[in-house]
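Colleague: generate a structure from the sequence data that follows.
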Amino acid sequence: MAIAFKTSGRAQFDTPAASSINIAFDLSNTAGSLLVAGISWSSGGLGNAPTSVTDTRGNSWTLYSTPVYDSPNAQGLTFAYAVNCAAGANTVTVNYGTASDYQRVTVAEYSGVATSSPIDIVASNVAANTNATDNVTSTAATTTVNGDLIWGHSQKDNGFVTQAPGTGFTQREYLASDYLAEDLIQATAGSIAATWTYNVASNYLAFMVAFKAQATATTYPIYWYKG
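Modeller: Residues are numbered from 1 along each chain as shown. Predicted coordinates for the structure are as follows:
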């Protein structure tokens, strides 16, 4: 089954610090879809990373177990996802370890994603970039099946920049000129990286997640024999 983008949502605030943030989807969710949340926070280190994600439809969310954090610039980045979601209007809540400031959170819905063990591969990076095209990168990883959803998000963590999605990627959300979420469908499995272009040099954090497509059921013809 082909994967398709359905809807998204976004929320951000800088100060004062808060221990949670709510993000509403623009449109109602469709039953059976994948929901993915890109989550950024500042200050507090990994001890201030998100502790749980919930939503008003009662979906079960999984937080990625290895967030990244840039200590010199006090910025963290991670993601969470929910499979086989319930239908209807939906607001997601991200809960942090303690009160955190400079939060950026986006949510997106995709149909056609596997409802069991959906993640193919994950890549992440904390680095410095130039203003060269696609120089901001999650680092490359190799997918194992055709038709993956390649979802990525990046967060600059010092200075002021203008971001653009990587070559071949579609921008889905752009917050405060410092956070951008994007995606593409990779037709054929192989090495790939989520990339972005910044207009100036900066430090950044980035994630790429490849989600597998839902398997298409095989159908066989039925023959009737008249004796």
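Colleague: every contact and neighbour count from this point should use C-alpha atoms.
Modeller: Noted.
Colleague: beta partners for residue 211?
Modeller: Under the criterion DSSP bridges, residue 211 forms beta bridges with residue 119, residue 149.
Colleague: need the contact list for it.
Modeller: Neighbour list for residue 211: 113-114, 118-121, 148-151 [criterion: Cα atoms under 8 Å, 6 or more residues apart in numbering].
Colleague: measure it to residue 105 for me?
Modeller: From residue 211 across to residue 105, the span is 19 Å (Cα to Cα, to the nearest Å).
Colleague: pull out the buried positions in stretch 21-29.
Modeller: Neighbour-count burial for stretch 21-29 flags 21-26, 28-29 (criterion: 16 or more other Cα atoms under 10 Å).
Colleague: which helix or strand contains the residue nearest the centre of the chain?
Modeller: Geometric centre of the chain, nearest residue: residue 38, 4.4 Å, by Cα atoms, centre = their mean. For residue 38, the host element (DSSP states H and E) is strand 34-42.
Colleague: pairing partners for the longest strand seen in the chain, with directions?
Modeller: Longest strand of the chain, by residue count under DSSP state E: strand 91-111. Using DSSP bridges, strand 91-111 pairs in its sheet with strand 4-13 (antiparallel), strand 18-24 (antiparallel), strand 34-42 (antiparallel), strand 50-55 (antiparallel).
Colleague: direction included, what does the strand or helix carrying residue 174 pair against?
Modeller: Assigned by DSSP H and E, residue 174 falls within strand 170-175. Strand 170-175 has its sheet partners listed here by DSSP bridges as strand 179-186 (antiparallel).
Colleague: that older thread, quick one: which of the buried residues of stretch 21-29 is nearest to residue 143?
Modeller: Set against residue 143, the nearest of those by Cα to Cα is residue 29 (27.3 Å).
Colleague: and that closest one, what pLDDT?
Modeller: pLDDT for residue 29: 98.
Colleague: who's it bridged to?
Modeller: Under DSSP bridges, the beta-bridge partners of residue 29 are residue 88.
Colleague: was I right about it contacting residue 88?
Modeller: Yes. Applying Cα atoms under 8 Å, one finds residue 29 in contact with residue 88, separated by 5.1 Å.
Colleague: coming back round to it: most packed of the strands paired with strand 91-111?
Modeller: strand 34-42 (a mean of 25; mean count of other Cα atoms under 10 Å).
Colleague: fine by me, thanks again.
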